[in-house]
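**Q** Dropping a prediction and its sequence here:
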Amino acid sequence: MIPAADVVELSRLQFGLTAMFHFLFVPLTLGLSWILVICESVYVMTGQQVYKDMTRFWGKLFGINFAMGVTTGLTLEFQFGTNWAYYSHYVGDIFGVPLAIEGLMAFFLESTFVGLFFFGWDRLGRVQHLLVTFLVAFGSNLSALWILIANGWMQNPVGAEFNLLTMRMELASIAEVIFNPVAQSKFVHTLAAGYVASSMFVLGISAWYLLKARDTGFAIRSFAVAAGFGLASVCSVIVLGDESGYTTGEVQKVKLAAIEAEWETQPAPAAITLFGIPNQAEERTDYAIKVPYVLGLIATRSVDKQVTGLKELREEHTQRVRSGMQAYDALVKLRAGSKDAVVQQQFDAHKADLGFGLLLKKYTPNVVDATPVQIAAAANDTIPKVAPLFWSFRVMVGLGFFFLFIFAASFWFLARKRLAPQRWLLRLIVLSIPLPWIATSAGWFVAEYGRQPWTISGVLPTFLSASSLEGGQLVFSLIGLCTIYSLLFVVEMYLMLKYIRLGPASLHTGRYHGEHALPANAQPAHA
Amino acid sequence: MFDYETLKLIWWGVIIVLMLGFALTGGFDLGVATLLPWVGRNDDERRVAINTVGPTWEGNQTWLVTFGGALFAAWPLVYAAAFSVLYVALIFTLFALFLRPVGFDFRSKLADPRWRSFWDWGLFVGGVFPSLVFGVAVGNLFVGLPFRYDEVLRVSYSGSFLDLFNVFGVFCGVLSVSMLTLHGAAFLYLRSDGAVARRARLATVIFGLATAVLFGAGGVLLGGMSGLHLASAGGDLNGVVLPLQKTVARNAGGWFGNFVAQPQLWLVPLATLLAALACAVSAALGRRWLALLASSLTVTGIIATAAIALFPFVLPSSIDPTSSLTLWDAVSSRKTLAIMLVMAAIFVPLIMLYTSWVYRVMRGTVTIERIHTDTHSY
């Protein structure tokens, strides 16, 4: 029995919302932690107090953000079991491994030392405290590695085999899972994106202080750290990119064709569509502006290989659905106790397409009796809606190049010591603070929406993965999560803005903007 | 390396160790949060209580996260079935747990008394509610959870959230709150002074006695319930055993079969009972370290008693005993168990090592004077 369609859709909505919400806080944890390491290292090496204050002030904002990251992260770990029980059952043997290693190797490191980062200033030597800060940064980044290995496996499920007896996927090679090219390219791309977001955060707030001409010594040093770190990171995001991932794996091919609105397979090297209006109904792109050769060069790194178009992929998938029916037919016979070598051969020959056969479960529970119309419908399900992917991708890439400009300009004027007069740039940076979050959300949308209709690419369809819950349970959890998340978000933004406005004066060192206004005997309010 | 059967058995132990890790360390902050409205009569006193666990609660909670991850990797069937059958209960627990990270971190960021009072109650809910639900969940393992497998091992459920609140389930929930509050009280007593320590000491005595009584009464209740008995695992334990192949008998003798078969196992609940009483006595006599040691033994003993009673079951089903999961058939492949064992063997001791270091750095009594002079406290 497959779960009701509304349960599947609501589960998807819930996972999408909670994952996107979680990823509002992850980028800052990933990147700001390194900015703290940089500031504190300078403090340890030079002994200049302002760098300690920088570490502590940006650390305060890091702490507010970190609390939200921990809060929202817990939901995701629970959700695989609560909402995606069949998924957990079917691939837990592989997918659970990186998640468990993440806990043991990385999350423990990060969470155990984050307390010491805040509480240990007076109890640890300078170098010891720097080491603690480093371990927090290292732990959170290592955490991302294992999570992205898990996510990469969903996009490109290598190193796993279907076990007839247990009716699930089982681990064949942990090395293949870890060194999955999709996971590795995702890792560097996601980390660098987090660094860009964090740099923009520090750069933007520092620019605001500079515009207000307050705490300029503090602000210009923070600005310098962010400009340098941001420039290096934005180059990494663009250069490393994740394009190397596109050519591996089945879903990645579909995703590539969809984000480029590549309906037909073009003669190599393919032209890239800069802009256009994807027209799903007629399967063409209206008003397309194309640049010849570029897509072929980016996607295949060659001039003679083709980039497969969506129509051709759908044809291939029709064949794979038919092959999947053969696999399913043999599977049923083998599970019923057949010892026939021919049946076993049939299964072995077609088992790679079993997932495509499962797509038919939506149309006919027995799979093997599917009509040509149903087969065509299943194959059509593998072709995503093009427009959302096409546009999200362009938003992400466009913002990426905009960030390159921002960081390059910041670095240039800073290096030439002509930053202060460039008020247009400082204002532009302040206004740009939210943009990296739009870019990362768009990026995740491309990655995850582009994976549909699969949870595990080519292996397990989404509609089979959900728990057999009732709609009412989902409505309850969705309403609760949305309400609490919204309230927490308001509280978090309020605290962030409050502490940003207070600035380094919130450390009560007596050295910063507005502190002289306090009466000498006043008790610090937030000690 | 180990054969599959041994690996399965070891993983039963590892999962219990991870659960204990959370109960013993996360128990500090759950218990302190539960006691917060009573041990702290003003903001300073509440800050003392919060700051005893402030620097370490995040690491403590990671035992829960890692327990979840390990369940996913080693017992995927349990992770899938238990989390989805307990859907509403777990979502509520999640909401309560949300209040902890933000409660600890955001509370100190503003001085407004209403703000602080809100988060004080938030922390209280974040302490008492998860403690209750974890207990209710464990209690319902003995009653059985309403799930069954179909022939392709897809799990389906009947029953509702409120069904969890049967007599034994609620009883275990109360025991769990008492046990974790005891542990938090003993910790707070060790780490604080003045009025806060006095109240924590009283709480240790009260909850020590309460835990002993509840634990004893729980044994009596359990004796009156019917248990499950694994008549046949349905295959070679050293190979793949499927959930639906086993034969399960209803055991009128309750869940005490393992104790009857191995009478020396009675020492575990007996020692637990004594530890809870010893905890109350130690606190009454002012022996702080001894009280904490005794509360740790109490927590360990209660979880061990439950695990032994259930063995080899890990997730009994109330509607279809054959669908019940055991440590033999709920597991991952041999390869996954082996890889994860290597990881656990390397990292669990390492985690214990650096966690001890962090506790060592943050050692000492938290006093009102200290939180006033230390600008780094919550």
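**A** Arrived safely, thanks for sending. Numbers count the residues shown, from 1 in each chain, chains lettered A, B, ... in the order given.
**Q** Could I get the contacting residues of the closest residue to B:F83 other than its chain neighbours?
**A** Computed as Cβ to Cβ, 6 or more residues apart in numbering or on different chains, the closest residue to B:F83 that is not its neighbour in sequence is A:G81, at 2.7 Å. For the C-beta atoms, the positions are set from N, CA and C on the backbone; glycine is no exception. Residues near A:G81 by Cβ atoms under 8 Å, 6 or more residues apart in numbering or on different chains: A:88, B:68, B:71-72, B:79-80, B:82-84.
**Q** need the helices for the stretch 51-200 of chain B, in chain order.
**A** B:57-74, B:76-85, B:87-107, B:113-143, B:167-191, B:194-223 (DSSP state H, counting those that start in this stretch).
**Q** do the stretch 201-350 of chain B as well
**A** B:257-261, B:267-284, B:288-310, B:334-361.
**Q** In terms of secondary structure, what does the shortest one contact?
**A** Taking 3 or more Cβ pairs under 8 Å, 6 or more residues apart in numbering or on different chains; DSSP states H and E as contact, the helices and strands that helix B:257-261 lies on are helix B:288-310.
**Q** Can you spell out which helices and strands pack onto the helix it packs on?
**A** Going by 3+ Cβ pairs under 8 Å, 6+ apart, helix B:288-310 lies up against helix B:4-21, helix B:113-143, helix B:167-191, helix B:194-223, helix B:257-261, helix B:267-284.
**Q** Serialize these to JSON lines and add fields for mean pLDDT.
**A** Shown next, in JSON lines, are those (pLDDT from 0 to 100):
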{"stretch": "helix B:4-21", "mean pLDDT": "95"}
{"stretch": "helix B:113-143", "mean pLDDT": "93"}
{"stretch": "helix B:167-191", "mean pLDDT": "96"}
{"stretch": "helix B:194-223", "mean pLDDT": "94"}
{"stretch": "helix B:257-261", "mean pLDDT": "89"}
{"stretch": "helix B:267-284", "mean pLDDT": "96"}
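**Q** so A:I259 touches A:A447, yeah?
**A** No. Using Cβ atoms under 8 Å, A:I259 is not in contact with A:A447; the gap is 10.4 Å.
**Q** so what's the residue nearest to B:R154 when sequence neighbours are not counted up against?
**A** In this structure, B:R154 finds its nearest non-sequential neighbour in A:Y86, 5.8 Å apart by Cβ to Cβ, 6+ apart. Neighbour list for A:Y86: A:464-468, B:80, B:154-155 [criterion: Cβ under 8 Å, 6+ apart].
**Q** could you say which helix or strand contains A:Y86?
**A** helix A:85-101 (DSSP states H and E).
**Q** How many neighbouring residues does residue 99 have?
**A** As the question left the chain open, I've gone with chain A. 24 (other Cβ atoms under 10 Å in any protein chain shown).
**Q** wrong chain, I was asking about chain B
**A** 24.
**Q** In contact with it: list those residues for me.
**A** So B:L99 contacts B:119, B:122-123, B:125-126 (Cβ under 8 Å, 6+ apart).
**Q** what about stretch A:481-495, near chain B?
**A** Yes. Residues of stretch A:481-495 are located near chain B by Cβ under 8 Å from any Cβ of the partner chain, namely A:481, A:484, A:488, A:491-492, A:495.
**Q** can you give me the strands in the stretch 151-300 of chain A?
**A** A:160-163, A:168-171, A:272-279, A:284-291 (DSSP state E, counting those that start in this stretch).
**Q** can you put those in TSV and add distance to A:S185 and mean pLDDT?
**A** Below are the strands of the stretch 151-300 of chain A laid out as TSV (distance: least, Cβ to Cβ, whole Å; pLDDT from 0 to 100):
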stretch	distance to A:S185	mean pLDDT
strand A:160-163	19	92
strand A:168-171	22	94
strand A:272-279	19	83
strand A:284-291	24	82
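**Q** Which one, of these, ends up nearest to A:G152?
**A** Nearest to A:G152, of all the strands of the stretch 151-300 of chain A, is strand A:160-163, at 12.5 Å by Cβ to Cβ.
**Q** Enumerate the residues of the stretch 401-527 of chain A near chain B.
**A** A:467-469, A:473, A:476-477, A:480-481, A:484, A:488, A:491-492, A:495, A:498-499, A:507-508, A:524-527.
**Q** Select only the buried ones of those in PyMOL?
**A** In PyMOL, this line selects whichever of these come out buried by 16 or more other Cβ atoms under 10 Å in any protein chain shown:
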select buried, chain A and resi 467+468+469+473+476+477+480+481+484+488+491+492+495+499+507+508
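**Q** these two touch, right, B:L228 and B:A249?
**A** Yes. With contact defined as Cβ under 8 Å, B:L228 and B:A249 form a contacting pair (7.3 Å).
**Q** Settle it for me: which of those two has more neighbours?
**A** Using other Cβ under 10 Å, the more surrounded residue of B:L228 and B:A249 is B:L228, with 22 against 12.
**Q** gap between the more buried one and B:A309?
**A** Distance of B:L228 to B:A309, given as Cβ to Cβ, to the nearest Å: 11 Å.
**Q** who touches both of these two?
**A** With Cβ under 8 Å, 6+ apart, B:L228 and B:A309 have no common neighbours.
**Q** quick one, phi psi at B:S333?
**A** The phi/psi pair for B:S333 (degrees, to the nearest 10) reads phi -70, psi 160.
**Q** Any idea how many residues pack against it?
**A** B:S333, neighbours per other Cβ under 10 Å, totals 21.
**Q** isn't it right next to A:V91, touching?
**A** No. Contact criterion Cβ under 8 Å: B:S333 and A:V91 do not qualify, at 11.7 Å.
**Q** So for A:Q523, what's the pLDDT?
**A** Confidence at A:Q523, expressed as pLDDT, is 46.
**Q** would you list the contacts of A:G81 in CSV and tack on neighbour count and distance to A:A352?
**A** CSV is the format used below for these (neighbours: other Cβ atoms under 10 Å in any protein chain shown; distance: Cβ to Cβ, whole Å):
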residue, neighbour count, distance to A:A352
A:S88, 29, 23
B:G68, 23, 32
B:L71, 26, 30
B:F72, 27, 26
B:Y79, 26, 27
B:A80, 29, 25
B:A82, 25, 32
B:F83, 25, 30
B:S84, 27, 29
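**Q** re the thing from before, per-residue confidence at the residue nearest to B:F83?
**A** Confidence score, pLDDT, at A:G81: 93.
**Q** What is the least confident helix or strand in chain A?
**A** Among the helical and strand segments of chain A, the one scoring lowest on mean pLDDT, DSSP states H and E is helix A:243-246, with a mean of 56.
**Q** which residues touch A:F445?
**A** Applying Cβ under 8 Å, 6+ apart, the residues near A:F445 are A:20, A:388-389, A:392.
**Q** still on that earlier bit, looking at the helices of the stretch 201-350 of chain B, which is nearest to A:V177?
**A** Taking the helices of the stretch 201-350 of chain B one by one with Cβ to Cβ, helix B:334-361 is closest: 10.1 Å.
**Q** I'm done for today, thanks for sticking with me.
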